[in-house]
Each structure stands twice: as structure tokens, then as C-alpha cells.
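Peer 1: curious how this folds, go ahead:
(chains A, B, C and D)
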There are 2 protein chains.
Amino acid sequence: MAKSAPPCRATGLPLKPKPPKNRSAGTTASKRGVTIRDIARLAEVSIKTVSRVMNGEPNVREDTRARVAAVMRDTHYRPNPSARNLARVRTHNIALLYDNPSASYIVKLQQGALEICREEGFNLLIRPCQYRNPSLVQEITALVLEGRIGGLILSPPLTDSPKLRATLEAMDLDFVQISPLPSLQRSPHVAFDDHRAAYDVTSYLIRLGHERIALIKGHPDHGCTESRLAGYVAALQAHRVTVDPSLIAQGSFSFESGLQCGRLLLSASPRPSAIFACNDDMAAGVLHIAHSLGIAVPGELSVVGYDDTPLAQQVWPSLTTVRQPIQDMARAAATCLIGKIRSRSHDTGNQAIADVTVDYTLIIRDSTGPARQT
Amino acid sequence: MAKSAPPCRATGLPLKPKPPKNRSAGTTASKRGVTIRDIARLAEVSIKTVSRVMNGEPNVREDTRARVAAVMRDTHYRPNPSARNLARVRTHNIALLYDNPSASYIVKLQQGALEICREEGFNLLIRPCQYRNPSLVQEITALVLEGRIGGLILSPPLTDSPKLRATLEAMDLDFVQISPLPSLQRSPHVAFDDHRAAYDVTSYLIRLGHERIALIKGHPDHGCTESRLAGYVAALQAHRVTVDPSLIAQGSFSFESGLQCGRLLLSASPRPSAIFACNDDMAAGVLHIAHSLGIAVPGELSVVGYDDTPLAQQVWPSLTTVRQPIQDMARAAATCLIGKIRSRSHDTGNQAIADVTVDYTLIIRDSTGPARQT
DNA sequence: ATGAAAGCGCTAACAA
DNA sequence: TTGTTAGCGCTTTCAT
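Peer 2: Presented below is the predicted three-dimensional model:
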């Protein structure tokens, strides 16, 4: 409870040359926690040396380092993040930006990033956004200027906004993108080869004997929509199957849009024997419609989704789908971003900061089967 | 670029009495953003007055306040959160703790809390936990001691750990709980009346003519599991329907457990004509099994879920279910918590800090229908 | 109603 | 290799 003596002020001169700073009295701190000064005192070094040990900086004798580390461990010392952020040029906060309707996608993204942040001592700010929001760029700018953010992880479709990317680059802010296999860009990215995945899905359906294979495209804001379409078309052409535009529907990644596109496609005559929906929600919509129309899956209609969300297993029949290792991608993105930030602070400026491309898996379940012979 | 002259040290006395602080040179700050000092200079007041305005403290003349506010607006001033947290006794960080398998639940929780935090200028830390983890309490303690957290939002089932609650109370830390209608507890909570909801669901099924109504319970760690069971039993008794223990299965909120319990219940003879699963995932499992057994829903079997996740609409047929306003609950919890924290700092200590109980909605969809006459 | 000065706990730029 | 000293931008305490 005892507070320090009232500070003196007066004519402008300090009255008492040194009002003895009486914090961290005696034992280890009581309420507010252990501070760097406590560690310094206990380890009999200066606070700067403690700081060096904390940050893994060079120029500390091994035994000194060990001693300090031991004290830190014993006292359960935890550096105060606010103090570090305040003192540092670049904070150790990174933000994860997303605009995605899929809760499971978001949560996986968060988990991956969170794991790395925890390991590396960074804070993660989550930030739902709206791609279409005209003030998006401004909001992000504000966020950064607020001094809270040392780097950004961009997830689709935000990665597809050239304006946003340009702004971030202009601000000299580190960021990494989680994106479809990219055209050449300056910031690092974790990429996923949507083209190849869509190609493989389509080829798989062709191998099952399907020829009338419909596609429900994703939301036009998303770059992956183009890639998947291209993969689909490429596969058809490679196998000399005619590309029929009436078999291509424009979805928006929502269950509702799957319902609508499904209804549309299944009312055609002859109707498609397989439908490849660009995510699981839309595929579930197709399944829903097929049930209500009494169309047997996979007997009369094969359905494929994309993402391998929990939903894919939960609908009936379970969906054949493409699994993206979203959590790994987020992990890679976070690692990469933190590496970039660190390398700015000369830290241990070694981190390999390279682009990453991850692999997918085609998960085959009950919703696909051989084409019925005509 | 110009940095201040090298600091002097020496015999212990400052050589230069006052090396002129040359920050915020001339115009508004360039890179690191506008600081409180810029505002003070521009508004021709002291930084303390600016601080008063920022924090809505009293004792500022209206015109002064207006002038300062105007400058803040014009300069797009954003106070640095790290600096505030460092200087403050209690930080403006709050953490949202959860251990929940449902992504959509998590995301709704986050959104609600995030909205309020943004409005109120708080930061939200998200924190996935594991209820069963023996070091849970220790982890949370560390989080708090790290000096990062001014308060906590606890969501189920973490609310059901007396040890955790006790620890938090002992630490004198503000927290609010999102929980089933609670036994009397000391910390405030946002409650949901699971008992009544389960009662109403069961009554609804009875009204449809069902008599053999099975229940798939939730995870035993969750307090709501008990409440829902009690509501179910109460409704049966109120309507003079026999409570048959063989119709009560122990699930765990997972789709898998729904599958298993569903298989079990549907293999009984005579089998139940309705199954009330304590969440949508398990209900989806029941649907899945029913399909594969060729049991028509709702013709031969009615199914009810709980939570109204997106899944409830996406399966076929769509699930009758109970909607909890999770996002509102999170909003209420955050508001309440922030009120508590504020009231400590004498701020504008008025906030009504009351418990809240929210209402649910029974959403009737295609998965339920009248009992088939025997 | 307003302001001056002392920190909050840490990093950064030097000096030794 | 280690230590000293200024701040980072804000809140707080006390004086006016």
C-alpha cells in the first residue's frame, strides 16, 4: 500500500535530487508481477543484459545468460507486452484479416496463426472485414496507424484487392497473403494450387464415366473462382469433353446459392450426371435439392464439394471433396510474417522467407460414383 | 531521420541539463502517428487535458473539450493502446475463453464480443482452451499475470469449472460468464434458460403425438447437459409420459456421437418416434443414420436439434431446432465486463451491471412431424 | 478547471 | 561483454 513520497515540483528545479524509487520493494513484486528490474537485481546484472537474454541477442556470456534465464524461470517472469510494444519500433502485434462466410475456415485460420503467435510471443488480432466495404482500405490503414500492428495476414478474398495490397506496400508494412497460386507479387504468400485441384476433381469425375459435368462457381470476388474454373475447363478439354456453358452456374459460396444453382442445373434436360460445386456449402445445397427432387445420390447424380469442412461428412451422403490444409497454411503464413518482422529488427536475421505452396488431398466419399450407363 | 543528440552520462551528473527534445518536429507527426503531445500543442492545452477529454473525465470546460475534440478529429488522432495499457492500473484488454467444438458458435461469440470491444476501445484476445487440460487454471493465471488482461469472458463449459472460477475470484479479476441458468454465483453472468427450452421442445413433440421420445444428451462436462435433461424429464412428467431410461443416450456434442447414439436408439424395438438431440451436430448424425437405415424423416421419425447452426438448415430435411442468440449473449457479456472494469476506475461509475437472461426461439423446420398413428 | 512531473516496463543507442 | 540513460505515449498524483 505504501506509495512513494509525493514528487516535488516547484520552481522548476528538482528539490530532491533523487527521491529513492521504492518499487519492487524487497521481495519479488506483489501484484503487478515481476519486472525486468527484479530479474536484473536477482541475477546481479543490468536490465539491459536481461533484455539481451529475453530477446536472444548476442554478446552475453553463456554463464550470464544461463543465470539470467534461471532467474526468469524461477520467478515466472513474463515480460509486459505493452511495454515492449511501446518501446519497440515495430510492435509484436499481427492482425489476421478475413472476410469469409465459413466459420470452420475462420476458426482453422485462427488456430494456425494462434499457435505460431503463441510460440513466438506475438499477439494476434483478429479482424473480420468486408471486401465490398468501400472504406475497407481506410479501416485497415487506421488499424495500422493506430500503432497496434506490425504485420498483417491477408486471407481470401482480401488478397484479391489490388488497392489494398498497394496501400499496404506503400505503408511499408509487412504482410503475407494466403491466396490461390498467384501471379507474381511482391509480398510473400502461402499459395494453394486451385487450378490443379479443380483439374484433378474434374478428371476424377471423367474417369468415373461422367460426361455431363456441371460446375457451380464460387463468389466472383474470390480469385480462386477463376482458378477453379480454369482447372475445370482444362480437364474437360484434356479429355476431349465438350465444355457446355449451360452447365456452368454462378454461385456465391453460400448454401442458398447452391440450392438455386442446383435447382437450375437439375432442371436441364438431359441433366448433368455430376455436379462439382466450388465449396461444401454449395454442394450441400445441391444435395438438398436432389433429395427433394427424389434424385438419388450417387446413383443418378454425383456431387463433389470443396474445402472438406465438417459439413462434408455430416450431410448424407457424405461429400467427396478437396481438403486444403488451412491450418497449416495459416501457420506458414504466420511464421513467414514473423520472420519478416524479425529480420527488420536485425534480430537473428536468418529466417528463410520464402513463398510456400501447399498440397491438397482429394477426399473420396459416398457422394460420387460411376456414371449410370445410358 | 534526424535523431536527438547522444545522451550524456559520465560522472553521474547530467552534462547537458536539457538536451532539447526534438520529437514531433514542426508539423504533425510523420511516421509513428499523432501523439497526445501533438494534440496538446495544436489545441493549446496541456497533455493532461487532452487525456481528460480522451477518457471522458470531468473537470474540463465545454469549449476546451470541444476544441480538443476537434483537433483530435482533424488529425485522425488514435491513442496508442500499448502506452495506455502500460500506464494504466488495469489494462483495456479482455480475453474470450472458449472450448467448444462448434466453429459457428465460436465465431458468433467472437463477433458479438468484438463489436462491443471495438465500440468501447477495448482489445479482445481470443483464447481457445481445453476444459480437461489439468494446467488450464495455471495457463489462465499466467495469461492474467502477464499483465495483459483486465477481464475475462468465460463461455461454456469453462463456466462449469468451480476451480477456475474460484481462482479468478481469488485473483480479484473481473469476469463474466455465459452460462446456463445458474445457481447463485458471485460473478455476473449472461444466462440462457436451457431447462425451459428443453421443456418446450419436448412438449412440442408430445403435442405432435409422440410418446416414445428419445434424448441424446450433450457432453457431460457442460452444465447445460443437466439442465436440458431436467427440462426433458419435466416435460414428460408434466404430460404423464413415462420416462424410459433406455431412451436416453449419452452423447458428446460431436457428429460422431450422434451417429452412435442414433444407431443405438434406432435399433431398439419398438423404436422411438422422435429423437431430441442436444445439438445440431448430433441431430445431423441421427439424420445420417436414419437415411442409411432407410427410415423416413419426418414420416417415421422426427428429429430435433439445438443451437440453430447453419448445419441445421443445410442437412436434409432441415432441422427443427432451438436458436440461442449467441452473438447477443456475447455482446451482453462484453458490455457487462467492460462496465465492471470501468466502474473500478471510477470512470463514469454508473453502468448498470446486472445479470442478463436471454430468450430462445424454437425454430420449426421439416425434420419434425406428427407421430404416425399406431 | 488545468497543468507539471513522475513513472508504467521495456528497448535503443551509446559509452565503457 | 556489460552497463547507463533516454525515451516510447500515455495515466496518475499532486499542485495550482
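Peer 1: domains for chain A, by residue range?
Peer 2: A:31-75, A:85-192+A:327-359, A:194-324 (automatic domain parsing).
Peer 1: what residues are up against the residue nearest to residue A:58 when sequence neighbours are not counted?
Peer 2: Excluding its sequence neighbours, the residue lying closest to residue A:58 (CB to CB, 6 or more residues apart in numbering or on different chains) is residue A:52, at 8.0 Å. For the C-beta atoms, the positions are set from N, CA and C on the backbone; glycine is no exception. With contacts defined as CB atoms under 8 Å, 6 or more residues apart in numbering or on different chains, residue A:52 is in contact with A:58, A:59, A:60.
Peer 1: what count of nearby residues applies to the last one?
Peer 2: The reference is to residue A:60. 18 (other CB atoms under 10 Å in any protein chain shown).
Peer 1: which secondary structure state does it sit in?
Peer 2: Three-state assignment for residue A:60 (DSSP: H, G, I helix; E, B strand; the rest coil): coil.
Peer 1: what does the stretch 101-250 of chain A put close to chain B?
Peer 2: A:103-104, A:106-107, A:110-111, A:114, A:123-126, A:128, A:142, A:145-148 (CB under 8 Å from any CB of the partner chain).
Peer 1: hang on, the earlier thing: now the residue nearest to residue A:58: how far from residue A:315?
Peer 2: Note on residue A:52: its distance to residue A:315, by CB to CB, to the nearest Å, is 56 Å.
Peer 1: and if you look at residue A:149?
Peer 2: 39 Å.
Peer 1: please apply the same query to residue A:282.
Peer 2: Going from residue A:282 to residue A:315 by CB to CB gives 12 Å.
Peer 1: same check, this time on residue A:176
Peer 2: Residue A:176 is 34 Å from residue A:315, by CB to CB.
Peer 1: neighbour count winner among those two?
Peer 2: Applying other CB under 10 Å to residue A:176 and residue A:315 shows that residue A:315 carries more neighbours, namely 30 against 27.
Peer 1: how about that one, what does it touch?
Peer 2: Residue A:315 sits next to A:283, A:284, A:287, B:284, B:288, B:314, B:315, B:316 when contact means CB under 8 Å, 6+ apart.
Peer 1: may I have the phi/psi pair for it?
Peer 2: Dihedral pair for residue A:315: phi -70, psi 170, per degrees, to the nearest 10.
Peer 1: for the one 5 residues further on, same thing?
Peer 2: In this entry, residue A:320 is assigned phi and psi values of phi -70, psi 140 (degrees, to the nearest 10).
Peer 1: what about it, how many residues nearby?
Peer 2: Residue A:320: 27 surrounding residues under other CB under 10 Å.
Peer 1: check the gap between the closest residue to it other than its chain neighbours and residue A:127 for me.
Peer 2: Nearest non-adjacent residue to residue A:320, counting by CB to CB, 6+ apart: residue A:368, 4.3 Å away. Residue A:368 is 37 Å from residue A:127, where distance means CB to CB.
Peer 1: which of these two has more residues huddled nearby?
Peer 2: Neighbours per residue, other CB under 10 Å: of residue A:368 and residue A:127, the larger number sits with residue A:368, 23 against 19.
Peer 1: assign a three-state SS to that one, would you?
Peer 2: Assigned with three-state DSSP, residue A:368 falls in the coil class.
Peer 1: I'd like to know how many residues surround the residue of the stretch 101-250 of chain A found nearest DNA strand C.
Peer 2: Closest residue of the stretch 101-250 of chain A to DNA strand C, CB to the nearest atom of the strand: residue A:121 (9.4 Å). Neighbour count of residue A:121, defined by other CB under 10 Å: 14.
Peer 1: with residue A:321 instead?
Peer 2: With other CB under 10 Å as criterion, residue A:321 counts 28.
Peer 1: and if you look at residue A:280?
Peer 2: For residue A:280, the count of nearby residues is 30 (other CB under 10 Å).
Peer 1: do the same with residue A:293
Peer 2: Residues lying near residue A:293 (other CB under 10 Å) number 14.
Peer 1: that one reaches residue A:265, doesn't it?
Peer 2: No. Residue A:293 lies out of contact with residue A:265 (CB atoms under 8 Å); the separation is 11.2 Å.
Peer 1: helices of chain A, residue ranges please.
Peer 2: A:36-43, A:47-54, A:62-74, A:81-87, A:103-120, A:136-143, A:162-170, A:194-207, A:223-238, A:255-266, A:280-293, A:310-314, A:326-344 (DSSP state H).
Peer 1: same list (the ones you listed) but as JSON lines, adding distance to residue A:188.
Peer 2: Compiled in JSON lines, those are given as follows (distance: least, CB to CB, whole Å):
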{"stretch": "helix A:36-43", "distance to residue A:188": "33"}
{"stretch": "helix A:47-54", "distance to residue A:188": "27"}
{"stretch": "helix A:62-74", "distance to residue A:188": "32"}
{"stretch": "helix A:81-87", "distance to residue A:188": "23"}
{"stretch": "helix A:103-120", "distance to residue A:188": "15"}
{"stretch": "helix A:136-143", "distance to residue A:188": "18"}
{"stretch": "helix A:162-170", "distance to residue A:188": "12"}
{"stretch": "helix A:194-207", "distance to residue A:188": "18"}
{"stretch": "helix A:223-238", "distance to residue A:188": "16"}
{"stretch": "helix A:255-266", "distance to residue A:188": "33"}
{"stretch": "helix A:280-293", "distance to residue A:188": "29"}
{"stretch": "helix A:310-314", "distance to residue A:188": "30"}
{"stretch": "helix A:326-344", "distance to residue A:188": "5"}
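Peer 1: including mean pLDDT, could these go into CSV?
Peer 2: Output for the helices of chain A, formatted as CSV (pLDDT from 0 to 100):
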stretch, mean pLDDT
helix A:36-43, 90
helix A:47-54, 90
helix A:62-74, 91
helix A:81-87, 86
helix A:103-120, 94
helix A:136-143, 87
helix A:162-170, 87
helix A:194-207, 97
helix A:223-238, 96
helix A:255-266, 98
helix A:280-293, 97
helix A:310-314, 96
helix A:326-344, 89
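Peer 1: so which of the ones you listed is nearest residue B:306?
Peer 2: helix A:310-314 (15.0 Å; CB to CB).
Peer 1: can you tell me how far the closest residue to residue A:256 other than its chain neighbours sits from residue B:262?
Peer 2: Closest residue in space to residue A:256, ignoring its immediate chain neighbours: residue A:285 at 6.9 Å, by CB to CB, 6+ apart. Counting by CB to CB, the separation of residue A:285 from residue B:262 is 24 Å.
Peer 1: residue A:110 now?
Peer 2: Separation of residue A:110 from residue B:262 (CB to CB): 31 Å.
Peer 1: thought residue A:137 was touching residue A:163?
Peer 2: Yes. Judged on CB under 8 Å, residue A:137 makes contact with residue A:163 at a distance of 5.8 Å.
Peer 1: quick one: which of these two has more around it?
Peer 2: More neighbours surround residue A:137 than the other of residue A:137 and residue A:163, with 16 against 9 (other CB under 10 Å).
Peer 1: show me the contacts for that one.
Peer 2: Counted by CB under 8 Å, 6+ apart, residue A:137 has contacts A:161, A:163, A:164, A:167.
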